[in-house]
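> Following is a predicted model, sequence given first.
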Amino acid sequence: MFGSKHLYFKLAGAAAAVAMSVAALPALAVDITGAGATFPYAVYTKWAEAYKAASGNQVNYQGIGSSGGVKQIKAKTVDFAGTDAPVKESDLDAAHLVQFPTVMGGVTIVVNLPGVASGQLKLDGATAADIFRGTITKWNDPRIAKLNPGVKLPGTAITISHRSDGSGTTFVFTNYLAKQSADFKRDVGAGNTVNWPANAVGGKGNPGVAANVMKIPGAIGYVDIADAMKNKMTFVALKNKAGNYIVPNQDAVADAAAGANFHVRGMAPDLLDQSHKNAWPITSATYVLAYEQADATKQKAVVDFFKWSLNNGQKMAEELGFVALPPNVVKMVEAEMKNIK
């Protein structure tokens, strides 16, 4: 579809050559810039690479955290922003922004416990909340041991690895834990930034959290599935609403999103702690923010990039650990993008 602009034909005859040289000139490339959530960084950069090869247009995306992305688009310093924490309808209206999902994924709980295999350690929501609010501080705590008969748990101190930047991943994760525990909501909070306990260490972006977990024995943290898979990290099996212990995977994310109603303002249904028997409890979509009105050339470039990516980049997304939007939701996104002018 896009390759024809790069073809140059040799035709006999000077008049034909002149005529064809005009037709064959490549269209002026339009570069666009985005910034925000680190959760979708891998897929947006992969899409951008493939899109440039197909169209000649450059898309630059910086993973600076969801809060940073929202600030930048409100300051009009980027062409689009990425956020895992969906912006409220009233804020979209006030800032004249359009919001739509691009892919779905899961926030996973990962640990560094030598001798414990991935998926072997089981936690329920209430126990996870007590760990992340700092009231369970040793791995051999009776509350953890009760959920893990037969697992040799060390007396190692627990170190919590968390995001140091304003983060949509933190928003998703803490909102899940706040649903499980009123004490967590009171003591730590729920949002892009929260009040972590004293036994916590911060890292920038999902890669920073992953790095801290991998280097600190006894550490526990939260990262997206893609970063956890890439780093071959040790997953926790988490008890879902149906009472089943689930290891995070793409099928479990898809099951959590099955039947979700994206036909709401901002296209942001709550996908946390869904009732499907195989649902991963900490499932979320990630979102793009764009202007309703801005430079027409840039606006068209934003729409063209994401329309191309949603229709041609789903396999790339799945290879990176994300879950593609269902075809009916892609059509809804395309309809929503008509508001970007």
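Cool, got the structure.
> Give me the longest helix you can find in the protein.
helix 296-312 (DSSP state H).
> what packs against that one?
strand 32-36, helix 41-55, strand 97-111, strand 283-291, helix 327-336 (3 or more C-beta pairs under 8 Å, 6 or more residues apart in numbering; DSSP states H and E). To be clear about C-beta, it is placed using only N, CA and C from the backbone, and glycine gets the same treatment.
> Pull the residues that contact the next helix or strand after that helix.
Next helix or strand after helix 296-312 toward the C-terminus (DSSP states H and E): helix 314-319. For helix 314-319, contacts defined as C-beta atoms under 8 Å, 6 or more residues apart in numbering pick out 43, 46, 47, 50, 103, 250, 323, 324, 325.
> same check, this time on stretch 166-174
37-39, 65-68, 83-85, 107, 162-163, 184, 188-194, 205-206, 222-224, 272, 282, 284, 286.
> Give me whichever of the helices and strands packed on helix 296-312 is most buried.
strand 283-291 (a mean of 26; mean count of other C-beta atoms under 10 Å).
> Now do the helix or strand containing residue 223, average pLDDT.
Assigned by DSSP H and E, residue 223 falls within strand 219-224. With pLDDT averaged residue by residue, strand 219-224 scores 96.
> ok, now stretch 92-99?
Per-residue pLDDT values over stretch 92-99 give a mean of 96.
> Wait, residue 292 touches residue 94, no?
No: look at residue 292 against residue 94 with C-beta atoms under 8 Å: they stay out of range, at 11.6 Å.
> More neighbours: which of those two?
With other C-beta atoms under 10 Å as the criterion, residue 292 and residue 94 differ in neighbour count, and residue 292 comes out ahead with 14 against 11.
> give the contact list for the residue most central in space within the chain.
Nearest to the geometric centre of the chain sits residue 39, at 3.4 Å (C-alpha atoms, centre = their mean). Residues near residue 39 by C-beta under 8 Å, 6+ apart: 66, 82, 84, 105, 168, 169, 206, 224, 226, 286.
> And the pLDDT for residue 264?
On pLDDT, residue 264 comes in at 84.
> which SS state does it fall under?
What DSSP: H, G, I helix; E, B strand; the rest coil gives for residue 264 is coil.
> Can you show me the helices along the stretch 151-300 of the chain?
168-180, 182-187, 205-215, 225-230, 250-257, 296-312 (DSSP state H, counting those that start in this stretch).
> Out of these, which gets the lowest mean score?
Here the helices of the stretch 151-300 of the chain differ in mean pLDDT, and the lowest is helix 225-230 at a mean of 86.
> residues making contact with it?
The contact list for helix 225-230, computed with C-beta under 8 Å, 6+ apart, reads 39, 42-43, 105-108, 110, 206-207, 210, 233, 235, 248-250, 253, 320-322.
> Show me what counts as buried in that helix.
Judged by neighbour count using 16 or more other C-beta atoms under 10 Å, the buried positions of helix 225-230 are 225, 226, 227, 228, 229, 230.
> next one: stretch 153-165
Neighbour-count burial for stretch 153-165, with 16+ other C-beta under 10 Å as criterion, is recorded at 153, 156, 158, 159, 160, 161, 162, 163, 164, 165.
> Low-confidence stretches in the chain?
Within the chain, the stretches with pLDDT under 70 are 1-28.
> Not counting its own residues, what contacts the longest helix of the chain?
Under the criterion C-beta under 8 Å, 6+ apart, residues 30-32, 47-48, 50-51, 54-55, 57, 59, 79-80, 100, 102, 288, 290-291, 293, 325, 330, 333-334, 337, 340-341 lie in contact with helix 296-312.
> returning to that earlier point: do you know which of the helices of the stretch 151-300 of the chain lies nearest residue 277?
Across these, residue 277 has its closest neighbour in helix 250-257 (7.9 Å, C-beta to C-beta).
> Specify the angle between that closest one and strand 283-291 in degrees.
Here helix 250-257 runs at 70 degrees with respect to strand 283-291, directions being taken by axes from the mean of the first three to the mean of the last three C-alpha atoms, to 10 degrees.
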